[in-house]
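Participant: Sequence and computational prediction follow.
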Amino acid sequence: LQAKMVLDKNYEIAKVDERIYGSFIEHLGRAVYGGIYEPGHPQADEQGFRKDVLELVRELRVPIVRYPGGNMVSAYNWEDGVGPEDERPRRLELAWRTIETNEVGTNEFADWAKKAGADVMMAVNLGTRGIDAARNLIEYTNHPGGTYWSELRKSHGYDHPHNIKTWCLGNEMDGPWQVGHKTPYEYGRIAEETGKAMKLVDPSIELVACGSSNTDMPTFPEYEATTLDLAYEQVDFISLHQYYGNRTNDPASYLAKNMDMDHFIRTVRSTCDYIKAKKRSKKTINLSFDEWNVWYHSNEADKRIEPWTVAPPQLEDVYNFEDALLVGSMLITFLQHADRVKMACMAQLVNVIAPIMTENNGKAWKQTIFYPYMHASLFGRGVSLKPVLSSPKYDSKEFTDVPYLDCAAVYSEENKEVTIFIVNKNLTDSIPLTADLRSFEGYHLAEHLVLAHDDLKAVNTAVKEEVVPHSKGQSTLEEGILKSNLEKTSWNVIRLK
Ligand code: AHR
C-alpha cells in the first residue's frame, strides 16, 4: 500500500469561509444550564458564565454559534427570555419535554458569544409562530432605537443593538417531529414572507432556509427545490443537517460515511443551481451545513430520562477515537467543498453531542472530537487547495471504492503557511505517502501532528484524557518532496512554514 500526491498552490478551490468552523448551542439538556452557564460554579463570572468553558471555546476559535435551537426554537417565545429575570416564565419545552426556566435568553447569549469571540447565528420560530414574532425579534436585536422593540431592549440594559447578521428561517421544518412541521410548499411560502419582513427591518442580514434534516428524508431533495423555488429572492443559504453513528459496529463502513456527506453536498448544490437556471437568476445560493456530527451513543440513555425536569443530561454522547476520525473526515469534506459550503456548525458545543463536557460544579474537559475540530479551525484558514491524490481504496459493507486516505490542504499566503489534513482509514496498516510540494519553494516542515490510538473505542473522561494528539508524526521534506508515514487509523496535520 502506498499513496502519491501533487499539491500546487495554483490549484485553488476557494478561500475558506471561516464560518465553516461554527458550532451550536441549543436550549437542550445541559448545553446552557450546567454547560455555558452555572452561576454557583467556582469558575462562574459575574453573569454566571463558566470561565473554564469559555476558555475551551476560545481554544477552538469558534467563529459563529447557532442559537437557541434546533428543535427547541419551533415552540419558543423569544419574549420569555428577555427583561427582568424574576419575571421570566417557566415553560414546558415541547421539543425535548423539559422545563425551560428562561434564565438565559437573547441578551445573555449575545453577551456570552462576545466573551467567546464568536458571532451569533440566530434562528426564528417558524413552527408555532411566524412573520410577526420574527420581525419583532430583529427589531429588538438590530434596530438602534426610537421604536417600541428597540426601546424595550434599551430598557433591558442594552443600549447598543446586537447587530446579528446571520438568521435561520426556522429549523428542520421537513421533519414530522418538528412542532409546526411543514410541507415544502407551506415552508417555502412562510420562509419567503418572513425573510421579506426581516430584510425590510434590516437589509444587511443573511438568511438561511431549511433544507433536509438528513439524506434519508423522503422529501429530500424535493424540499430544497420547492423551498428555493418559492423563496429564492430572500434566501442566501440553504441548510443541510446530518449525523452519523456506528450502530452495527462496522468501522470500515462507519469511517466511510463522509462519502454520504459528500453526495449530500453535491446533490444540494446541484438543486440550488437547477433553481438558479430555472429562474434565470444571477444569484447563487450557498450551503450552510448548520448541524453535523456523530450522534448515537446516548440514544438509549435518553429514552430513560424523566420528562419535565430542568436541564437533564440529554444527548450526552461520550465520543471514542473512531468518532474523532470520522469528524476529521467530515471537516476534510467541507474543505473540499469550500467554494459552496460557506457555513457549518458542529452540533453541538457543550455537553449535548459536544466536543466540550462539564461536570456540574466540577471540571470541564475535552472529548476526542475536540482535537480534529480544533486543528481544522486553527490551521484551516486560507485558500482551500485541490490535492491531486492517488490513494489505494477498499470496499466495505455499505460503500465501494472508499479511498483509504482523505485529504484537504489549506494555504495561507498571508501567514506563509500550508497545512495538509489527512485521515488514514486503514484499520491495520500504515500508508506511506509521497507528495510533490515543489510549488511551495522555501517552505520547510514545521510539524506533523497525529491523533492515533490502538483502540478505536478509547474515550476521554473528566479524569483521564486517553486520546490526545502528539507532534511526533513521521514526515520529511526534501527538495519539495514530502515523505510521510501515515499510521493506521490516524488523523494527521502536516504543517509547512
Ligand atoms: O442537535 C440536536 C437536534 O438535532 C436539533 O435540535 C435538531 O435540529 C436536530 O434534529
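Facilitator: Yep, it's here.

Participant: Roughly how far does the residue in the stretch 1-150 of the chain positioned nearest to the ligand sit from Trp177?
Facilitator: Going by CB to the nearest ligand atom, the ligand is nearest to Gly70 of the stretch 1-150 of the chain, at 2.8 Å. Glycine gets a C-beta too; all of them are placed from N, C-alpha and C. For Gly70, the distance to Trp177 (CB to CB, to the nearest Å) stands at 11 Å.

Participant: Same question for Phe379.
Facilitator: For Phe379, the distance to Trp177 - CB to CB - is 37 Å.

Participant: how about the residue of the stretch 201-350 of the chain found nearest the ligand, phi and psi?
Facilitator: Here the residue of the stretch 201-350 of the chain nearest the ligand is Ala347; by CB to the nearest ligand atom that distance is 4.2 Å. Here is the backbone geometry of Ala347 (degrees, to the nearest 10): phi -110, psi 120.

Participant: Would you check that it makes contact with Trp292?
Facilitator: Yes - Ala347 is within contact range of Trp292, at 6.4 Å (criterion: CB atoms under 8 Å).

Participant: May I have the predicted confidence score for the residue nearest the centre of the chain?
Facilitator: Centroid-nearest residue in the chain: Cys345, 1.6 Å away (criterion: CA atoms, centre = their mean). For Cys345, the model assigns a pLDDT of 98.

Participant: Let me know the secondary structure of it.
Facilitator: Using DSSP: H, G, I helix; E, B strand; the rest coil, the structure places Cys345 in strand.

Participant: Hmm, Pro63 and it touching each other?
Facilitator: No - if you go by CB under 8 Å, Cys345 and Pro63 don't touch, sitting 10.2 Å apart.

Participant: returning to what we had before: tell me, how many residues neighbour the residue of the stretch 201-350 of the chain closest to the ligand?
Facilitator: When neighbours are counted by other CB atoms under 10 Å, Ala347 registers 25.

Participant: Equivalent analysis for Met346, please.
Facilitator: 28.

Participant: helices or strands up against the helix ranked longest in the chain?
Facilitator: When the chain is parsed with DSSP state H, its longest helix is helix 258-278. The contact analysis (3 or more CB pairs under 8 Å, 6 or more residues apart in numbering; DSSP states H and E) places helix 258-278 against helix 222-231, strand 237-244, strand 286-294, helix 321-336.

Participant: residues of that helix that come out buried?
Facilitator: 258-262, 264-265, 267-269, 271-272, 275-276 (16 or more other CB atoms under 10 Å).

Participant: Around the ligand, pick out the residues from the stretch 1-150 of the chain.
Facilitator: 26, 69-71 (CB under 6 Å from any ligand atom).

Participant: what do you get for the stretch 251-400 of the chain?
Facilitator: Counting by CB under 6 Å from any ligand atom, the residues of the stretch 251-400 of the chain near the ligand are 291, 347-348.

Participant: can you put those in JSON lines and add distance to Thr98?
Facilitator: Listed next are those as JSON lines, based on distance: CB to CB, whole Å:
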{"residue": "Glu291", "distance to Thr98": "19"}
{"residue": "Ala347", "distance to Thr98": "18"}
{"residue": "Gln348", "distance to Thr98": "15"}
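
Participant: Tell me the one among the residues you listed nearest to Glu108.
Facilitator: Gln348 (17.5 Å; CB to CB).

Participant: For the residue nearest to the closest one when sequence neighbours are not counted, which residues are in contact?
Facilitator: Of all residues not flanking Gln348 in the chain, Phe24 sits nearest, at 4.5 Å (CB to CB, 6 or more residues apart in numbering). Neighbouring residues of Phe24 by CB atoms under 8 Å, 6 or more residues apart in numbering: 65-67, 70, 290-291, 345-349.

Participant: can we see that at 6 Å?
Facilitator: Shown in contact with Phe24 (CB atoms under 6 Å, 6 or more residues apart in numbering): 66, 345, 347-348.

Participant: beta partners for it?
Facilitator: Beta-bridge pairing for Phe24 (DSSP bridges): Arg66.

Participant: For the closest residue to Val493 other than its chain neighbours, give its distance to the ligand.
Facilitator: Sequence neighbours aside, Leu449 is the residue nearest to Val493 in space, at 4.1 Å (criterion: CB to CB, 6+ apart). In this structure, Leu449 and the ligand are 29 Å apart, going by CB to the nearest ligand atom, to the nearest Å.

Participant: for Leu449, what are its contacts?
Facilitator: 469, 471, 493.

Participant: repeat that for 8 Å
Facilitator: 375, 469-471, 473, 492-495.

Participant: Now a PyMOL select for only the buried ones of those residues.
Facilitator: A single PyMOL command selects the buried members of these (16+ other CB under 10 Å):
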select buried, resi 375+469+473+492+493+494+495
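
Participant: Return the subset of the contacts of Leu449 lying in helices.
Facilitator: Using DSSP H, the contacts of Leu449 in helices are His375.

Participant: any chance of the contacts of Leu449 in TSV, plus pLDDT?
Facilitator: TSV is the format used below for the contacts of Leu449 (pLDDT from 0 to 100):
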residue	pLDDT
His375	98
Pro469	98
His470	98
Ser471	98
Gly473	98
Asn492	98
Val493	98
Ile494	98
Arg495	98
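
Participant: Pick out whichever of the contacts of Leu449 sits closest to the ligand.
Facilitator: Of the contacts of Leu449, the one sitting nearest to the ligand (CB to the nearest ligand atom) turns out to be His375, at 22.9 Å.

Participant: Could you verify my assumption that Pro161 touches Asn142?
Facilitator: Yes - if you go by CB under 8 Å, Pro161 and Asn142 touch, sitting 5.0 Å apart.

Participant: neighbour-wise, which of the two wins?
Facilitator: Under the criterion of other CB under 10 Å, the comparison of Pro161 against Asn142 puts Asn142 first, with 22 against 19.
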